[in-house]
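Chemist: what follows is a predicted structure for the sequence shown.
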Amino acid sequence: MAIRLGDVAPDFTAASTDGEIEFHNWLGDQWGILFSHPKDFTPVCTTELGAFASRKAEFDARNTKIIGLSVDSLESHDGWKGDIAETQGTALNFPLIADEDRNVATLYDMIHPNELETLTVRSVFIIGPDKKVKLTLTYPASTGRNIDEVLRVLDSLQLTAGYSVATPVNWTDGKDVIVAPALSDEEATAKFPKGFKTLKPYLRVTPQPNK
Ligand code: BEZ
C-alpha cells in the first residue's frame, strides 16, 4: 500500500553497507531521508550516491541521517562503492541497504511495475523525529534527483515544524515566509515581532522567523 504523508514510516531490519540496520532505532530522534536506487552499477545512481556523499555534511548540519537502498546484494554494493569513489571523487559515507528480498521496497511501495517491473524507482521519503513521513518524492529511473531540492524541502519542513508559517513558491532558506492562515492578525503580531505585511487577508508575509 502506498505511503501517505503523516503515516508512521514502516520500521524494518535490513542488511546495509554499515551493518544491520534497525530503522527506527537507527533514526533515533533525528530526521531521516530514505531514498531508493533501481540497481547497482548504473550510471545515474552512481552520480546520485556520489552527490549525496559529497554533501552529507549539509544533512548532518540539519540533524538529518541519510540512507540509500538498492535491491542488489551486499557483495554487489561493496564492489560498486569502489566505482562511486573513483568516478565521483567521494567515498560512500552513509549506509546503503541491500534489499535483495525487496522487503523494504515493498513496505515503502518503491516498486512501480508499470515503470520498472522488479526494480525500485527513485523514491525519497523524509521522516521526522516523530517517525512520521513528512514528504515523498518519486522520480523515474532516467531522471537523477536534485540534492538542492531535497535540502530545500528539508529546510521548509524543519522551519514549518517549529513556527506557524508556510513557505511560498521557490522559497529558499532566508527568504520571506507566509504567516499560517489559521493565525489571527493579533496572534500573528504576537508571534512575529519583525512584523508582517498583508497583501490579502489570506496572504500575509513575514521575514523568516529563525533568522
Ligand atoms: C541509472 O541509474 O542510470 C539507471 C538505472 C536503472 C534504469 C535506468 C537507468
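Modeler: The structure has been received and is ready for your questions. Source: prediction; values computed, not measured.

Chemist: the helices in this structure, which residues?
Modeler: 23-27, 43-54, 56-60, 74-88, 103-107, 147-162, 185-191 (DSSP state H).

Chemist: how many neighbours does residue 189 have?
Modeler: The number of residues packed near residue 189 is 12, by other CB atoms under 10 Å. The way it works is simple: take the backbone N, C-alpha and C, and place the C-beta from them, glycine included.

Chemist: give the residue farthest from the middle of this structure.
Modeler: residue 186 (35.1 Å; CA atoms, centre = their mean).

Chemist: can you give me the distance of it to the ligand?
Modeler: Note on residue 186: its distance to the ligand, by CB to the nearest ligand atom, to the nearest Å, is 53 Å.

Chemist: let the chain start at 721 from now.
Modeler: Okay, using 721 as the starting number, the last item reads as residue 906.

Chemist: list the residues that contact that residue.
Modeler: Applying CB atoms under 8 Å, 6 or more residues apart in numbering to residue 906 gives no contacts.

Chemist: for residue 910, grab the count of nearby residues.
Modeler: Residue 910: 10 surrounding residues under other CB under 10 Å.

Chemist: with residue 725 instead?
Modeler: The burial count for residue 725: 10, using other CB under 10 Å.

Chemist: distance check, residue 929 against the ligand.
Modeler: 40 Å.

Chemist: hang on, I meant residue 833
Modeler: Taking CB to the nearest ligand atom, one finds residue 833 at 14 Å from the ligand.

Chemist: count the residues that sit near that residue.
Modeler: Neighbours around residue 833, by other CB under 10 Å: 8.

Chemist: how about residue 881?
Modeler: The burial count for residue 881: 12, using other CB under 10 Å.

Chemist: if you skip the residues just before and after it, what's nearest to it?
Modeler: residue 848 (6.8 Å; CB to CB, 6 or more residues apart in numbering).

Chemist: contacts only, for the nearest residue in space to residue 830 that is not next to it in sequence.
Modeler: Excluding the flanking residues, the one nearest residue 830 by CB to CB, 6+ apart is residue 840, at 4.0 Å. Contacts for residue 840 (CB under 8 Å, 6+ apart) come out as 756-758, 789-791, 819, 825, 830-831.

Chemist: what about 6 Å?
Modeler: Residues counted as contacts of residue 840 (CB atoms under 6 Å, 6 or more residues apart in numbering) are 756, 758, 825, 830-831.

Chemist: state the phi and psi torsions of it.
Modeler: With angles defined as degrees, to the nearest 10, residue 840 sits at phi -80, psi 150.
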